[in-house]
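Asker: Return atomic coordinates for the entry below.
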Amino acid sequence: MARAILVTGASSGIGRATALELARRGATVYAGVRDPAAGEALGPAVTPVRLDVTDAGQVAAAAAGLARLDGLVNNAGIAITGPLEHLPLDEVRHQLEVNALGQLAVIQACLPALRAARGRIVNMSSISGRVAFPMYGPYAASKFALEAFGDSLRRELRGSGVDVVVIEPGGVATPIWERGLSTGDRLWQAMPAVAHQRYGRLYETLRALGERQARDGDPPEALARLVADVLEARRPRARYVFGRSARIQIAAARLLPDRVFDALIAAALRRSP
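Answerer: Presented below is the predicted three-dimensional model:
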């Protein structure tokens with residue numbers, strides 16, 4: 001019997017690549033999408049499921065429609081950026097609602113089916129779940145939260161047959177950064193003049209880095225292959241770091257004192273265009 005896998009945030013980027021890679025390997029794939037047209041664009045190899053992870057009704061309906069579930073890939077996400085001093089709290093709440101609470105809602109709804117199949121949960125975190133860069137506070141907070149959920153769940157579900165794995169990519173070339181830049185620009189333009197005076201150069205530097213990441217990051221297909229390998233592994237690790245830049249940043253954060261790492265980040269940003 002083919003494994004049944006639900007992938008959230010499958011409209012584009014990592015989620016889309018993962019859904020197609022899993023289908024190529026013979027899995028029955030349910031692709032969570034907010035827009036039905038995006039689901040149709042995935043082609044006949046996958047089954048689209050209407051799923052906004054912040055909509056309790058859609059989450060419940062999606063889980064109820066799955067007779068069997070061997071794997072859940074929590075990938076849906078957005079990126080809100082800007083100086084924390086001036087970001088509207090409603091925007092920060094929305095970031096956490098999508099990237100953390102929405103993932104937990106899907107996990108809660110799917111756990112009965114995952115328990116029955118002794119399935120596996122893969123949470124798509126980020127290097128930002130281990131290292132919080134300036135201007136990325138809301139996004140990093142959501143990924144730190146997802147990391148904590150993953151660690152707690154893995155320990156709570158020990159012995160249940162359901163394993164929990166976290167994947168931490170570095171820069172991946174996906175539309176999330178283009179959408180994040182657009183949202184960030186909208187929020188930035190609405191901020192007072194004092195915000196532009198205090199954070200203007202930093203904002204422009206981080207924006208340029210975001211553009212570079214969207215353009216030159218690792219291909220999502222490579223990360224999709226890792227996700228598929230993790231779902232197939234007999235004894236997967238609890239955590240996987242994807243990408244050279246992510247490995248370097250995590251090693252530096254682990255080895256250096258916080259103030260030294262702060263200074264290293266500041267120096268790197270000063271050298272950036």
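
Asker: Pull out the buried positions in the lowest-mean-pLDDT helix or strand in the chain.
Answerer: Across the helices and strands of the chain, the lowest-confidence element by mean pLDDT, DSSP states H and E is helix 175-190, at a mean of 86. Going by neighbour count (16 or more other CB atoms under 10 Å), the buried part of helix 175-190 is I176, W177, E178, G180, L181, T183, G184, L187, W188. C-beta coordinates here come from the backbone N, C-alpha and C atoms, glycine included.

Asker: closest to D90 among those residues?
Answerer: The closest of these to D90 turns out to be L187 (CB to CB; 10.8 Å).

Asker: how near is the spatially closest residue to that closest one that is not a sequence neighbour to A113?
Answerer: Nearest non-adjacent residue to L187, counting by CB to CB, 6 or more residues apart in numbering: G82, 5.0 Å away. Per CB to CB, to the nearest Å, G82 is found 38 Å from A113.

Asker: So for these two, which residue has more residues nearby?
Answerer: Taking neighbours as other CB atoms under 10 Å, G82 and A113 compare with G82 leading, 26 against 19.

Asker: Phi first, then psi, for the more buried one.
Answerer: phi 140, psi 170 (degrees, to the nearest 10).

Asker: sorry, back to before: widest-spaced pair of the buried residues of helix 175-190?
Answerer: Farthest pair in the buried residues of helix 175-190, by CB to CB: I176 and W188, 17.7 Å.

Asker: Following element in sequence after the host helix or strand of P138, please.
Answerer: Element membership of P138 [criterion: DSSP states H and E] is helix 137-156. Later in the chain than helix 137-156, the nearest helix or strand by DSSP H and E is strand 163-169.

Asker: outside of that following strand, which residues touch it?
Answerer: Defining contact as CB atoms under 8 Å, 6 or more residues apart in numbering, one finds that strand 163-169 is touched by 14, 120-127, 129-130, 146-147, 150-151, 153-154, 157, 218, 223, 226-227, 230, 236-243, 246, 250.

Asker: quick one on the thing from earlier: which strands or helices does the next helix or strand after the least confident helix or strand of the chain pack on?
Answerer: Using DSSP H and E, the helix or strand that follows helix 175-190 in sequence is helix 193-216. In terms of contacts (3 or more CB pairs under 8 Å, 6 or more residues apart in numbering; DSSP states H and E), helix 193-216 is packed against helix 175-190, helix 258-271.

Asker: Now find how far off-centre the longest one is within its chain.
Answerer: In terms of CA atoms, centre = their mean, to the nearest Å, the gap separating the centre of helix 175-190 from the centre of its chain is 17 Å.

Asker: Quick one: list the elements packing against that helix.
Answerer: Against helix 175-190 (3+ CB pairs under 8 Å, 6+ apart) you get helix 193-216.

Asker: what pLDDT, on average, does the helix it packs on get?
Answerer: Mean pLDDT, helix 193-216: 88.

Asker: From the rest of the structure, what touches that helix?
Answerer: By CB under 8 Å, 6+ apart, helix 193-216 touches 81-83, 85-86, 133-136, 171-175, 177-178, 180-181, 184-185, 188, 269, 272-273.
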